[in-house]
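Student: Please find the sequence and the predicted model below.
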Amino acid sequence: MEENRKEINPYEYMEYFMSQAAHVVSMDNNGKLNVMALLWKTIGELWMIPIITIAVSPARYTFELLTEGVPEFTINVPTEENVDTIDITGSYSGKNVDKFKKAGLEIIEGKRTKVPTIKDSLLSYECKIVHTCKSGRMASHSLFFGQILTAYASIKIINK
Ligand SMILES: Cc1cc2nc3c(=O)[nH]c(=O)nc-3n(C[C@H](O)[C@H](O)[C@H](O)COP(=O)(O)O)c2cc1C
């Protein structure tokens, strides 16, 4: 495991998870990765398991990967220093741009998922999709319910 982060209980440091945009990483069936900015997310317990729910529009390339690619995703909350990377992952499509390269994001192989996490994040979560549904009248987005298989916090917040 990387030295600058530690595995945590999924519900620790939740205050850093809420109300800020995160990077969602997804993967196609050939191992091609994508990363997208995402604000609409929740964390909590459902069906007696820890779950992160994300709302993704069908217009996103990420949507295509979540529905037709590897049924997993990771969520990565950037540090204050890296928060501008959200502008890049939230304004280009991975269909025609390598956003990892463009935003200078490095990855760490997943421990419990095929999908990697993003190096130097404040928080990262490896999730397996266990349920999907439409978000109904709220928006055209779909909801993806990811069982949290493991989670990490940067030592920056652990040592605070
Ligand atoms: C701050 C921010 C938050 C966003 N939150 C969401 C979100 O919760 N759900 C969503 O579907 N798109 C969201 N977006 C839009 C996508 O990130 C954007 O359309 C992105 O370019 C899609 O990338 P993709 O085509 O590679 O998947 C957000 C964008 C920004 C800048």
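Tutor: Noted; the coordinates are in hand. Given the structure is predicted, the values throughout are model-derived calculations rather than measurements.
Student: which parts of the protein sit against the ligand?
Tutor: Taking C-beta under 6 Å from any ligand atom, the part of the chain that reaches the ligand is made up of 21, 34, 36-40, 55-57, 60-62, 86, 90-95, 141. For the C-beta atoms, the positions are set from N, CA and C on the backbone; glycine is no exception.
Student: let's see it at 5 Å
Tutor: 21, 36-40, 56-57, 60-62, 90, 93-94 (C-beta under 5 Å from any ligand atom).
Student: pLDDT score for Glu2?
Tutor: We note a pLDDT of 56 for Glu2 in this prediction.
Student: Tell me the buried residues within the residues of the chain next to the ligand.
Tutor: Buried members of the residues of the chain next to the ligand, counted by 16 or more other C-beta atoms under 10 Å: Ala21, Met36, Ala37, Leu38, Val56, Arg60, Tyr61, Thr62, Gly94.
Student: for the last one, what are its contacts?
Tutor: Meaning Gly94. Gly94 is in contact with Leu33, Asn34, Val35, Met36, Tyr61, Thr62, counting by C-beta atoms under 8 Å, 6 or more residues apart in numbering.
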